[in-house]
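Colleague: sequence plus the predicted model coming up.
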Amino acid sequence: MNWLADFFGDSAHWSGPDGIPVRLLEHLGYSAAAFLVAALIAVPLGMLIGHTGRGALLVVVAANAARALPTLGLLVLVVLLAGVGTVLPVLVPLIVLAVPPILVNTYEGLRGVDADLRDAAYGMGLRGPQVLFRTLTPVALPLILLGLRLSAIQVVSTATVAAFVGLGGLGRFIIDGLATKAYSSVIGGAVLVAALALAVQFGFLLLDRVVVSPGVRQTR
Amino acid sequence: MITFEGVTKRYRDGTVAVDDLSLEVPTGAITVFVGPSGCGKTTSLRMINRMIDATSGRIALDGQDVREIDPPTLRRGIGYVIQQAGLFPHRRIVDNVATVPYLLGWNKKKARARAMELLELVGLDAGLANRYPFQLSGGQQQRVGVARALAADPPVLLMDEPFSAVDPVVRASLQDELLRLQSELRKTIVFVTHDIDEAVKLGDTVAVLRVGGRLAQMAGPATLLTEPADDFVRGFLGRDRGIRRLSFISAKEVRLGPAPPDLVTGEDGRPLGWRTGDGLAAYGTFDPETDSLRAALDAALLSPNGVAVAVDEEGRVRGVAGRDAIDELLAEYAPPVRGAGSAEEAPA
């Protein structure tokens, strides 16, 4: 506990370019950018594949391949290819990490919708896109949100790797702290990352309350 | 009127679901497609609203080939009720019912007002309107399914085994409700079931299909019971055809006699039982206004002396009918004698 008090009690840690607020914003910036790009890729793709049933193999292959890729290795690779000085080295691995949970859950959510329901929707005279957006998506929403949540938490936790390539974020407290044997900094950084992940989790649970129909939430 | 002309459905693997089906579904009546699994009854139904397209042949709706109509447009003009109701779980009951009106571009207020009307029509409490489907029982969900199909007042209603997933008591009440609705609405209804008793109860016309998708016989239920076309239909109809046929004869014409003194009645005029040496014996009642000859015969069989008690709608004794009175009516409705011209047909 002393280490935590040292870290959070030190006023120097609360201001300047390497203070907690700046590092937190950097961290959130990398995370949000990677997460948004991943969501923009994976949600429409998952919906399309889930609705048409075409390309299901792609989901499986992409999911497994992306999971097997080591985040740090990819980070180094992008640095070698793109050089330092850009945020690309951290964004690419984070996006690769973030896509599979969203893609798989969106796809599974849509595929899992009761065949009778799909049948009823078409039978009432809904057109293909109406079936997708008015019936399948609202019913699959809990799973789609689960995928987004898992992905966001992973991204927030893994964004610490930015510090490896000289970028900012909360990872700096951990990496720099390890380098200088300043363990209060390491622990303080880790606590901040964990708190951020919990906040993301909580935020998604609130979102779930707001956007998921009670009719679907209760029957899960 | 819906016309099937030489309709065949053959799948890519060579399976024939429906084989050269030709029949007419009359306007304003209930036509039941019945048959064992694999007889193509559901496929035939789904070809009407183009959930499945026929391989060859023609299905016409009041003369127009359904293949000339864009499927969603066609379907919005045809009510569709499926087995598990298929309600949209994320939408409230009122919005489920208003599905097709919304699709047709009605404004929300008008669509909801219509939905409330329909909930009342199918016998559901207005308080259920704002619930979600999971909060309703199976029977209630199925009523909502019927209300949803009727929302835009389509002239044709397709019902695909709509009552087979509910328990027998609820099923019977849903069947009665459908008959009541139909007597008001006079829709052209195609009803698919595997349950021959349901077919006979609901159908103005019953089409019996055999495995492989061929029509075995199409006739009114009473005719079907007395004159099945062949062994397959006879077997499918099962036992007790003679007794079951009596369900289609009204008990109204049964000659009633005055209640004898040994029928004990309460102060309210309702029967209590038959007086015997050591107490009261069982009795059976029927209401001549609403019941069938089958119910009258059943009532007679329940009494030790073979006399059925006729009651009014309040349950008060109106008179009695002995087995002789029932027998007179039975003789009147005996199956027709076959002429020599139909000797080549199988015997009933």
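Modeller: All right, it came through fine. Keep in mind it's a predicted model, so treat the numbers as computed, not measured.

Colleague: leaving out sequence neighbours, find the closest residue to residue B:264.
Modeller: residue B:272 (4.5 Å; CB to CB, 6 or more residues apart in numbering or on different chains). All C-beta spots, glycine's among them, are computed from the backbone N, C-alpha and C.

Colleague: next: residue B:152.
Modeller: Nearest to residue B:152 is residue B:100, by CB to CB, 6+ apart, at 4.3 Å.

Colleague: does that neighbour lie in a helix or a strand, and which?
Modeller: Using DSSP states H and E, residue B:100 sits in helix B:99-103.

Colleague: now the helices for the chain?
Modeller: In the absence of a named chain, this looks at chain A. All helices of chain A, identified by DSSP state H, fall at A:2-9, A:20-52, A:56-68, A:71-82, A:88-111, A:115-124, A:128-130, A:137-158, A:171-179, A:183-211, A:214-219.

Colleague: sorry, I should have been clearer: chain B.
Modeller: So, for chain B - with DSSP H - the helices run B:41-48, B:71-76, B:93-97, B:99-103, B:108-121, B:138-150, B:168-185, B:196-202, B:221-226, B:231-237, B:241-245, B:293-302, B:323-332.

Colleague: adding mean pLDDT and mean neighbour count, write these out as TSV.
Modeller: Shown next, in TSV, are those (pLDDT from 0 to 100; neighbours: other CB atoms under 10 Å in any protein chain shown):
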stretch	mean pLDDT	mean neighbour count
helix B:41-48	96	23
helix B:71-76	96	18
helix B:93-97	96	25
helix B:99-103	95	23
helix B:108-121	95	17
helix B:138-150	94	24
helix B:168-185	92	15
helix B:196-202	93	21
helix B:221-226	90	21
helix B:231-237	92	17
helix B:241-245	86	16
helix B:293-302	91	21
helix B:323-332	87	16
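
Colleague: make TSV out of these and add distance to residue A:144.
Modeller: As requested, the helices of chain B are exported to TSV (distance: least, CB to CB, whole Å):
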stretch	distance to residue A:144
helix B:41-48	30
helix B:71-76	26
helix B:93-97	21
helix B:99-103	23
helix B:108-121	27
helix B:138-150	26
helix B:168-185	35
helix B:196-202	40
helix B:221-226	50
helix B:231-237	47
helix B:241-245	53
helix B:293-302	56
helix B:323-332	66
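
Colleague: now for those, which one comes closest to residue A:205?
Modeller: helix B:93-97 (26.0 Å; CB to CB).

Colleague: show me what the closest one is packed up against.
Modeller: helix B:108-121, helix B:138-150 (3 or more CB pairs under 8 Å, 6 or more residues apart in numbering or on different chains; DSSP states H and E).

Colleague: how big is the angle separating the first one from helix B:168-185?
Modeller: Read that as helix B:108-121. Put simply, helix B:108-121 runs at 120 degrees to helix B:168-185, going by axes from the mean of the first three to the mean of the last three CA atoms, to 10 degrees.

Colleague: and the residue of the stretch 151-300 of chain B that's closest to chain A?
Modeller: As assessed by CB to the nearest CB, chain A sits closest to residue B:158 within the stretch 151-300 of chain B, at 8.1 Å.

Colleague: buried deepest among the helices of chain A, which one?
Modeller: The highest mean neighbour count among the helices of chain A, using mean count of other CB atoms under 10 Å in any protein chain shown, belongs to helix A:88-111: a mean of 24.

Colleague: is it up against chain B anywhere?
Modeller: No. Taking CB under 8 Å from any CB of the partner chain as the criterion, helix A:88-111 and chain B are apart, separated by no less than 12.7 Å.

Colleague: that helix: how far from the chain's middle?
Modeller: Distance of helix A:88-111 from the chain centroid (CA atoms, centre = their mean, to the nearest Å) equals 7 Å.

Colleague: please apply the same query to stretch A:210-220.
Modeller: Chain-centre distance of stretch A:210-220: 23 Å, with CA atoms, centre = their mean.

Colleague: chain B against chain A: which residues are in contact?
Modeller: So chain B meets chain A at B:49, B:51, B:71-77, B:80, B:82-92, B:99-100, B:103, B:132-135, B:148 (CB under 8 Å from any CB).

Colleague: re earlier: the residue nearest to residue B:264 reaches residue B:282, doesn't it?
Modeller: No. Using CB atoms under 8 Å, residue B:272 is not in contact with residue B:282; the gap is 10.8 Å.

Colleague: these two: which is more packed in?
Modeller: In this view residue B:272 and residue B:282 are compared by other CB atoms under 10 Å in any protein chain shown, and residue B:272 has more residues nearby, 12 against 9.

Colleague: run a quick neighbour tally on residue B:7.
Modeller: Residue B:7 has 24 nearby residues by other CB under 10 Å.

Colleague: what about residue B:310, distance to chain A?
Modeller: The spacing between residue B:310 and chain A, counted by CB to the nearest CB, to the nearest Å, is 46 Å.

Colleague: surely that residue touches residue B:322?
Modeller: No. Applying CB under 8 Å as the test, residue B:310 and residue B:322 come out as separate, 11.1 Å apart.

Colleague: out of those two, which sits in the busier spot?
Modeller: Comparing residue B:310 with residue B:322 by other CB under 10 Å, the one with more neighbours is residue B:310, at 25 against 19.

Colleague: quick one: contacts for that one?
Modeller: Residue B:310 sits next to B:254, B:256, B:285, B:286, B:287, B:288, B:296, B:317, B:318, B:319, B:320, B:321 when contact means CB atoms under 8 Å, 6 or more residues apart in numbering or on different chains.

Colleague: who are the contact partners of the fifth one?
Modeller: I take that to be residue B:287. Contacts for residue B:287 (CB under 8 Å, 6+ apart) come out as B:251, B:295, B:310, B:311, B:312, B:313.

Colleague: roughly how far does the third one sit from residue B:287?
Modeller: I take that to be residue B:310. Counting by CB to CB, to the nearest Å, the gap from residue B:310 to residue B:287 is 7 Å.

Colleague: equivalent analysis for the second one, please.
Modeller: Taking CB to CB as the measure, residue B:295 and residue B:287 are separated by 8 Å.

Colleague: overlap of the contact sets of those two?
Modeller: Going by CB under 8 Å, 6+ apart, residues that sit against residue B:295 and also against residue B:287 are residue B:251.

Colleague: so which bits of chain A are right by chain B?
Modeller: Within reach of chain B by CB under 8 Å from any CB, chain A has these residues: A:114, A:116-117, A:119-127, A:130, A:135, A:138-139, A:141, A:213-216, A:218-219.
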